[in-house]
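**Q** structure for this input, please:
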Amino acid sequence: MDHAANSPSGQSSSASFATWLDRLSPYALSILRIVAALLFLEHGTSKFFDFPQVMEPFPVFSMEWFAGLIEFAGGILVALGLFTRAAALIMSGEMAIGYFLFHATLSHRRYQSRWSTGCYLPRVGRVAATHRPSSFRSGSSRSCFQYG
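**A** Take a look at the predicted model:
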């Protein structure tokens, strides 16, 4: 026996909630993509341009230099929605390597090892790399209200 309340249109409330979530899905994924890209861009600009925080200098073509290049270029590409899957996959791998080489060695406690950025950003990158592309991207020929 179905205990879901029916709305005046004849749909159950759980079905209408599911359709409402389906309608908001492209907007939520676009916001997630843009915020994650801006976080990567922030880390890249701090490595190359000492903005918003000053970092210790590092040699050109070192591991930190390549990490900054991936974060800066990938952050721009993902924020604009260009080559999102490839850029997100590369950035996800870069953050996973960075976590195991630098963050995990700091401490076994999450808050001391900066676990949030080292663990959440690769997961967000995997979502962006494996999910359908959003219609909120640069050069999209579709309306921003369509998803596909």
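**Q** hey, where'd the strands end up in the chain?
**A** Counting by DSSP state E, the chain has no strands at all.
**Q** so which bits of the lengthiest helix in it are buried?
**A** Across the chain, the helix with the greatest residue count (assigned by DSSP state H) is helix 13-48. Neighbour-count burial for helix 13-48 flags 26, 29-30, 33-34, 36-37, 39-47 (criterion: 16 or more other C-beta atoms under 10 Å). Quick note: C-beta positions are derived from backbone N, CA and C, even for glycine.
**Q** which of these sits closest to residue 74?
**A** Nearest to residue 74 among those, counting by C-beta to C-beta, is residue 40 at 5.8 Å.
**Q** could I get the pLDDT score of the closest one?
**A** Note on residue 40: pLDDT of 88.
**Q** what does residue 98 give?
**A** pLDDT, read off for residue 98, is 82.
**Q** quick check: it vs residue 81, distance?
**A** 24 Å (C-beta to C-beta, to the nearest Å).
**Q** hang on, the earlier thing: against which helices or strands is the longest helix of the chain packed?
**A** helix 63-80, helix 115-130 (3 or more C-beta pairs under 8 Å, 6 or more residues apart in numbering; DSSP states H and E).
**Q** which one of these has the lowest average pLDDT?
**A** Going by mean pLDDT, the lowest-scoring of those is helix 115-130, which has a mean of 61.
**Q** sorry, back to before: quick check: of the buried residues of helix 13-48, which lies closest to residue 76?
**A** residue 41 (6.4 Å).
**Q** that closest one: what's it in contact with?
**A** Neighbouring residues of residue 41 by C-beta atoms under 8 Å, 6 or more residues apart in numbering: 71-72, 75-76, 79.
**Q** what about it, distance to residue 78?
**A** 9 Å.
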